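Asks: Sharing a sequence plus its predicted fold:
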Amino acid sequence: MMYSMSRSYITRQERSEINVKGVGSEFTVPDIAIVSIDIVTRGEDPLDIETFNSNRVEQVLRWLKQFGIQDKDINIQKEILTPILDEEGRTTSYQASTFITVTFYDFATIGEFYYNIHGTDIEYSQIILTLKDVDKYYYTALNRAIKSTYEKAKVVADSMDVQLVPIPVIVTETSNIEDILDQITITEVEQAEDIALSTIIISATVEAKFLVQSSNSKKST
(Lines give C-alpha, C1' and ligand atoms only; values in the text may rest on other atoms or scores of the structure.)
Protein backbone atom coordinates (compact mmCIF):
# COMPACT_ATOMS: atom_id res chain seq x y z
CA MET A 1 0.00 0.00 0.00
CA MET A 2 1.58 3.31 -1.07
CA TYR A 3 0.43 6.81 -1.88
CA SER A 4 2.27 10.07 -2.53
CA MET A 5 1.57 13.75 -3.07
CA SER A 6 3.65 16.86 -3.66
CA ARG A 7 3.72 20.23 -1.92
CA SER A 8 4.65 22.71 -4.64
CA TYR A 9 4.87 25.70 -2.31
CA ILE A 10 7.89 24.20 -0.55
CA THR A 11 11.03 24.60 -2.64
CA ARG A 12 13.70 21.94 -2.78
CA GLN A 13 16.03 24.18 -0.73
CA GLU A 14 13.41 24.79 1.95
CA ARG A 15 12.34 21.25 2.62
CA SER A 16 13.68 18.39 4.67
CA GLU A 17 12.44 14.90 5.36
CA ILE A 18 11.46 12.92 8.44
CA ASN A 19 11.23 9.15 8.13
CA VAL A 20 9.36 7.23 10.81
CA LYS A 21 7.93 3.77 11.44
CA GLY A 22 4.39 3.22 12.68
CA VAL A 23 2.82 0.29 14.50
CA GLY A 24 -0.87 -0.33 15.05
CA SER A 25 -2.69 -3.15 16.85
CA GLU A 26 -6.24 -4.40 17.14
CA PHE A 27 -7.44 -6.68 19.92
CA THR A 28 -10.37 -9.01 19.42
CA VAL A 29 -11.68 -12.44 20.36
CA PRO A 30 -11.72 -15.46 18.02
CA ASP A 31 -14.95 -16.28 16.20
CA ILE A 32 -13.98 -19.63 14.68
CA ALA A 33 -12.91 -22.78 16.52
CA ILE A 34 -11.56 -25.78 14.63
CA VAL A 35 -11.85 -28.74 16.95
CA SER A 36 -10.05 -32.05 16.37
CA ILE A 37 -11.80 -35.02 17.98
CA ASP A 38 -10.16 -38.40 18.48
CA ILE A 39 -12.30 -41.51 18.90
CA VAL A 40 -9.98 -44.35 19.96
CA THR A 41 -11.22 -47.84 20.85
CA ARG A 42 -9.05 -50.70 22.12
CA GLY A 43 -9.81 -54.38 22.52
CA GLU A 44 -8.82 -57.92 21.65
CA ASP A 45 -11.41 -58.61 18.95
CA PRO A 46 -10.80 -56.43 15.88
CA LEU A 47 -14.39 -56.80 14.63
CA ASP A 48 -15.85 -55.79 17.98
CA ILE A 49 -13.69 -52.70 18.36
CA GLU A 50 -14.34 -51.62 14.76
CA THR A 51 -18.07 -51.92 15.37
CA PHE A 52 -17.85 -50.07 18.68
CA ASN A 53 -15.73 -47.32 17.14
CA SER A 54 -18.16 -46.88 14.25
CA ASN A 55 -21.05 -46.61 16.69
CA ARG A 56 -19.16 -43.92 18.61
CA VAL A 57 -18.61 -41.96 15.40
CA GLU A 58 -22.32 -42.13 14.56
CA GLN A 59 -23.12 -40.93 18.07
CA VAL A 60 -20.81 -37.93 17.69
CA LEU A 61 -22.32 -37.08 14.31
CA ARG A 62 -25.83 -37.20 15.79
CA TRP A 63 -24.77 -34.81 18.56
CA LEU A 64 -23.22 -32.42 16.06
CA LYS A 65 -26.36 -32.40 13.92
CA GLN A 66 -28.47 -31.71 17.01
CA PHE A 67 -26.30 -28.67 17.67
CA GLY A 68 -26.84 -27.42 14.11
CA ILE A 69 -23.39 -28.23 12.72
CA GLN A 70 -23.55 -28.56 8.93
CA ASP A 71 -21.97 -31.39 6.95
CA LYS A 72 -19.56 -28.97 5.23
CA ASP A 73 -18.06 -28.14 8.63
CA ILE A 74 -17.38 -31.79 9.53
CA ASN A 75 -14.40 -33.70 8.15
CA ILE A 76 -13.97 -37.40 9.01
CA GLN A 77 -10.79 -39.40 8.52
CA LYS A 78 -11.70 -43.02 7.94
CA GLU A 79 -11.31 -45.52 10.72
CA ILE A 80 -7.81 -46.91 11.13
CA LEU A 81 -7.29 -50.38 12.65
CA THR A 82 -3.86 -50.88 14.22
CA PRO A 83 -2.49 -54.00 15.95
CA ILE A 84 -0.88 -53.45 19.36
CA LEU A 85 2.34 -55.47 19.66
CA ASP A 86 4.26 -56.65 22.70
CA GLU A 87 8.04 -56.50 23.06
CA GLU A 88 8.43 -59.72 21.08
CA GLY A 89 6.36 -58.41 18.18
CA ARG A 90 3.23 -60.47 18.92
CA THR A 91 -0.20 -58.92 18.54
CA THR A 92 -1.84 -58.52 21.95
CA SER A 93 -4.80 -56.34 21.03
CA TYR A 94 -6.13 -53.91 18.45
CA GLN A 95 -6.89 -50.22 18.31
CA ALA A 96 -9.50 -48.58 16.09
CA SER A 97 -9.10 -44.82 15.61
CA THR A 98 -11.29 -42.26 13.85
CA PHE A 99 -10.39 -38.57 13.66
CA ILE A 100 -13.03 -35.89 13.17
CA THR A 101 -12.41 -32.19 12.57
CA VAL A 102 -15.30 -29.83 13.24
CA THR A 103 -15.54 -26.09 12.58
CA PHE A 104 -17.63 -24.24 15.16
CA TYR A 105 -18.92 -20.70 14.69
CA ASP A 106 -20.89 -20.60 17.94
CA PHE A 107 -18.68 -21.09 20.97
CA ALA A 108 -21.67 -21.84 23.21
CA THR A 109 -22.22 -24.92 21.05
CA ILE A 110 -18.69 -26.12 21.82
CA GLY A 111 -19.49 -26.00 25.52
CA GLU A 112 -22.66 -28.06 25.03
CA PHE A 113 -20.82 -30.58 22.90
CA TYR A 114 -18.01 -30.83 25.43
CA TYR A 115 -20.58 -31.49 28.17
CA ASN A 116 -21.95 -34.43 26.17
CA ILE A 117 -18.60 -36.10 25.55
CA HIS A 118 -17.21 -35.44 29.04
CA GLY A 119 -16.39 -38.74 30.75
CA THR A 120 -16.44 -40.78 27.52
CA ASP A 121 -13.56 -42.14 25.45
CA ILE A 122 -14.05 -39.22 23.03
CA GLU A 123 -11.47 -36.47 23.46
CA TYR A 124 -10.41 -33.15 22.00
CA SER A 125 -6.90 -33.58 20.63
CA GLN A 126 -6.60 -29.93 19.56
CA ILE A 127 -8.61 -26.72 19.46
CA ILE A 128 -7.53 -24.06 16.99
CA LEU A 129 -8.97 -20.57 17.35
CA THR A 130 -8.93 -18.01 14.57
CA LEU A 131 -10.93 -15.28 12.83
CA LYS A 132 -13.38 -15.40 9.94
CA ASP A 133 -12.85 -11.82 8.75
CA VAL A 134 -9.14 -11.15 9.21
CA ASP A 135 -9.10 -8.24 6.74
CA LYS A 136 -11.49 -6.18 8.85
CA TYR A 137 -9.24 -6.22 11.90
CA TYR A 138 -5.98 -5.99 9.98
CA TYR A 139 -6.98 -2.79 8.17
CA THR A 140 -8.10 -1.26 11.46
CA ALA A 141 -4.61 -1.97 12.80
CA LEU A 142 -3.09 -0.61 9.58
CA ASN A 143 -4.97 2.69 9.91
CA ARG A 144 -3.73 3.01 13.48
CA ALA A 145 -0.18 2.40 12.29
CA ILE A 146 -0.50 5.20 9.73
CA LYS A 147 -1.87 7.60 12.35
CA SER A 148 0.99 6.75 14.68
CA THR A 149 3.53 7.85 12.07
CA TYR A 150 2.15 11.40 12.15
CA GLU A 151 2.36 11.49 15.94
CA LYS A 152 5.98 10.34 15.85
CA ALA A 153 6.92 12.72 13.05
CA LYS A 154 5.29 15.62 14.91
CA VAL A 155 7.41 14.95 17.97
CA VAL A 156 10.55 14.92 15.83
CA ALA A 157 9.56 18.10 13.97
CA ASP A 158 8.82 19.94 17.23
CA SER A 159 12.20 18.92 18.63
CA MET A 160 13.85 20.29 15.45
CA ASP A 161 11.78 23.50 15.65
CA VAL A 162 10.41 22.99 12.14
CA GLN A 163 6.89 22.83 10.76
CA LEU A 164 5.61 19.39 9.78
CA VAL A 165 3.57 18.95 6.61
CA PRO A 166 0.77 16.81 8.08
CA ILE A 167 0.19 14.52 5.10
CA PRO A 168 3.03 12.08 4.37
CA VAL A 169 4.49 12.06 0.89
CA ILE A 170 5.01 8.31 1.02
CA VAL A 171 3.48 5.58 3.20
CA THR A 172 4.72 2.03 2.70
CA GLU A 173 3.04 -0.99 4.25
CA THR A 174 5.78 -3.16 5.77
CA SER A 175 3.59 -5.86 7.31
CA ASN A 176 1.90 -8.57 5.27
CA ILE A 177 -1.63 -9.80 5.86
CA GLU A 178 -0.61 -13.29 4.69
CA ASP A 179 1.87 -13.47 7.58
CA ILE A 180 -0.85 -12.30 9.96
CA LEU A 181 -2.95 -15.38 9.18
CA ASP A 182 -0.35 -17.60 10.84
CA GLN A 183 0.15 -15.27 13.79
CA ILE A 184 -3.51 -15.09 14.78
CA THR A 185 -3.99 -18.84 15.05
CA ILE A 186 -4.17 -20.00 18.66
CA THR A 187 -3.37 -23.68 19.19
CA GLU A 188 -2.56 -23.80 22.90
CA VAL A 189 -6.15 -24.37 23.96
CA GLU A 190 -6.50 -27.63 25.84
CA GLN A 191 -10.12 -27.49 26.94
CA ALA A 192 -13.29 -25.86 25.69
CA GLU A 193 -13.52 -23.81 28.88
CA ASP A 194 -10.34 -21.95 27.94
CA ILE A 195 -11.86 -20.43 24.79
CA ALA A 196 -13.52 -17.56 26.66
CA LEU A 197 -10.09 -16.49 27.95
CA SER A 198 -8.51 -16.24 24.50
CA THR A 199 -7.58 -12.95 22.85
CA ILE A 200 -6.23 -12.39 19.35
CA ILE A 201 -3.85 -9.50 18.66
CA ILE A 202 -3.46 -8.28 15.07
CA SER A 203 -0.62 -5.89 14.31
CA ALA A 204 0.34 -3.86 11.25
CA THR A 205 3.45 -1.81 10.48
CA VAL A 206 4.24 0.98 8.03
CA GLU A 207 7.05 3.34 7.14
CA ALA A 208 6.26 6.96 6.28
CA LYS A 209 8.11 9.96 4.90
CA PHE A 210 7.02 13.47 5.91
CA LEU A 211 8.22 16.81 4.64
CA VAL A 212 9.00 19.73 6.92
CA GLN A 213 9.68 23.41 6.40
CA SER A 214 13.11 24.58 7.43
CA SER A 215 13.53 26.99 10.33
CA ASN A 216 14.26 29.91 7.99
CA SER A 217 11.18 29.18 5.92
CA LYS A 218 9.06 28.84 9.05
CA LYS A 219 10.16 32.23 10.34
CA SER A 220 9.50 33.96 7.03
CA THR A 221 5.88 32.79 6.83
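Replies: Everything's here; your move. Please read these numbers as outputs of a predicted model, since none were measured by experiment. Numbering: from 1, shown residues only.
Asks: counting contacts, what elements does the lengthiest helix in the chain pack onto?
Replies: Ordering each helix of the chain by length in residues (DSSP state H) puts helix 134-160 first. Here helix 134-160 touches strand 15-28, strand 163-164, strand 170-173, helix 177-183, strand 200-213, going by 3 or more Cβ pairs under 8 Å, 6 or more residues apart in numbering; DSSP states H and E. Every C-beta, even on glycine, is put in place using the N, C-alpha and C of the backbone.
Asks: How about that helix, which residues are buried there?
Replies: Buried residues in helix 134-160, counted by 16 or more other Cβ atoms under 10 Å: 134, 137-142, 144-146, 148-150, 152-153, 157.
Asks: Can you tell me how far the spatially most central residue of the chain is from S36?
Replies: Per Cα atoms, centre = their mean, the C-alpha nearest to the average position across the chain is that of I184, at 2.2 Å. Distance, I184 to S36, using Cβ to Cβ, to the nearest Å: 18 Å.
Asks: Where does pLDDT dip in the chain?
Replies: 1-15, 183, 188-194, 196, 215-221 (pLDDT under 70).
Asks: now Q126: how far from T205?
Replies: Distance from Q126 to T205, by Cβ to Cβ: 30 Å.
Asks: Quick one: closest of the helices and strands packed on helix 134-160 to E79.
Replies: When the helices and strands packed on helix 134-160 are compared by Cβ to Cβ, helix 177-183 sits nearest E79, at 31.6 Å.
Asks: What helix or strand is V40 located in?
Replies: Here V40, judged by DSSP states H and E, is contained in strand 32-43.
Asks: Let me know the next secondary structure element after that strand.
Replies: helix 46-66.
Asks: Next, the angle strand 32-43 makes with that following helix.
Replies: Interaxial angle, helix 46-66 versus strand 32-43 (axes from the mean of the first three to the mean of the last three Cα atoms, to 10 degrees): 160 degrees.
Asks: Which positions within the helix or strand that helix 46-66 is followed by qualify as buried?
Replies: Per DSSP H and E, helix 46-66 leads on to strand 74-85 as the next helix or strand towards the C-terminus. Across strand 74-85, burial judged by 16+ other Cβ under 10 Å covers I74, E79.
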